[in-house]
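Peer 1: I would like the atomic coordinates for the input below:
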Amino acid sequence: MRMERKRITSLAAALLLAGVFGAAVVAQEGTEETANPADSALALLDSAAVDTAAVDSLADWGTSFEDLAVEETQDTGFMSRFAASGAVEQFQKGGVFMWPLLLLLVVGIAVIIERFYTLGRARTNVRTLMNRVISALRGDGGVEAAIDVCEGTRGPIPAILHAGLRRSTISIEAAEKAIESAGVVELSFLERGLLILATIANVGPLLGFLGTVSGMVAAFDAIAAADQVNAKLVASGISEALLTTMAGLLVAIPMSIGHNYFVSQIDRFVIEMQETSADLVDTLVDLGVRRTAEE
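Peer 2: Numbers count the residues shown, from 1 in each chain. Here you go, the predicted model:
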């Protein structure tokens, strides 16, 4: 079949080339009494002037182009492939409880992205920061130089050190209280959004179970209303009811993982806050004792 199509294509291409050649001859001679273009085409074919190999190559190229066009037509984008995968159909079968689960999923993903970005920007090289602060305190600039170092560094730990240094000119006790107050504020900032993740992780499965119970009630109502009960009616109703349970678990699992991960990161921040605060207080006490001895 394909060989016949190649032959037909070759013949058509040869006739087209012969027609073009005949028209060019007529135009050059400028007379109306030339031979019939069909005769010219037959003469061209008889003289084997057409390169059949080139025509076959042209036919193969045309076939490949047609196949590529069919593939491009079938590839209609991500949304079409997603709809064809059956996810939209399963979502519709889940019933009305799938919509609040979808809302919880969107909110949870937004919180996770925001926490990743915020906690990533809050990370600080604590050892380098403390070396710079202590060097500034022991240098000629004193407390003011150390405050400038903290102001030029981003994160909760420099903010805590900054609060303690500003009150260190009064007393060590005032610096410790300022550090504690700033630590509470920074900790609340780090924990922002974790309550939302914990709530979604807890409410997601409950909504899924509620949707399952509602679907089971509807399935049993359909069974009671049917004259003849068959396995297909029971199985389809139960499978649709269990879709909400699966959706609730799919929402809760990533939220629970994200919540636990962020809690571990915040615990790390708390330990670093405590260590740096203790080092700062010890340094301030040491400097105060030396100054008293010098006086």
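Peer 1: residues in contact with Pro158?
Peer 2: 124, 129, 149-151 (C-beta atoms under 8 Å, 6 or more residues apart in numbering). (C-beta placed from N, C-alpha, C; glycine too.)
Peer 1: Low-confidence ranges, the stretch 1-150 of the chain, go.
Peer 2: 1-85 (pLDDT under 70).
Peer 1: what do you get if the cut-off is 90, keeping everything else the same?
Peer 2: Applying pLDDT under 90 to the stretch 1-150 of the chain flags the ranges 1-97, 123-125, 127, 137-143.
Peer 1: rewinding a little: name only those of the contacts of Pro158 that count as buried.
Peer 2: Listed as buried from the contacts of Pro158 are 124, 129, 149-150; burial here means 16 or more other C-beta atoms under 10 Å.
Peer 1: Tell me the buried residues in stretch 271-286?
Peer 2: In terms of neighbour count (16+ other C-beta under 10 Å), stretch 271-286 has its buried residues at 272-273, 276-277, 280-281, 283-284.
Peer 1: Please flag which of the residues you listed sit within helices.
Peer 2: 272-273, 276-277, 280-281, 283-284 (DSSP state H).
Peer 1: Including distance to Gly248 and pLDDT, could these go into TSV?
Peer 2: Converted to TSV, those look like this (distance: C-beta to C-beta, whole Å; pLDDT from 0 to 100):
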residue	distance to Gly248	pLDDT
Glu272	37	92
Met273	37	92
Thr276	42	92
Ser277	43	92
Leu280	47	91
Val281	49	90
Thr283	52	88
Leu284	53	88
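Peer 1: if we can go back for a sec, closest one to Glu173 out of the contacts of Pro158, please.
Peer 2: Nearest to Glu173, judged by C-beta to C-beta, of the contacts of Pro158 is Cys150 at 20.1 Å.
Peer 1: surely the closest one meets Ala159?
Peer 2: Yes. Using C-beta atoms under 8 Å, Cys150 makes contact with Ala159 at a distance of 7.4 Å.
Peer 1: Only alpha carbons, please: show stretch 168-187 as CSV.
Peer 2: Provided in CSV are the C-alpha atoms of stretch 168-187 (Å, rounded to 0.1, in the frame of the first residue of the first chain):
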residue,chain,number,x,y,z
SER,A,168,24.0,46.2,77.6
THR,A,169,24.9,49.8,78.3
ILE,A,170,22.5,49.8,81.2
SER,A,171,23.3,46.5,82.9
ILE,A,172,23.9,42.8,82.2
GLU,A,173,20.4,42.0,83.7
ALA,A,174,18.8,44.5,81.2
ALA,A,175,20.6,42.8,78.3
GLU,A,176,19.4,39.4,79.4
LYS,A,177,15.8,40.5,79.7
ALA,A,178,16.0,42.2,76.2
ILE,A,179,17.4,39.0,74.8
GLU,A,180,14.6,36.9,76.3
SER,A,181,11.9,39.3,75.0
ALA,A,182,13.4,39.4,71.5
GLY,A,183,13.7,35.6,71.5
VAL,A,184,10.0,35.2,72.2
VAL,A,185,9.1,37.6,69.3
GLU,A,186,11.5,35.8,66.9
LEU,A,187,10.3,32.4,67.9
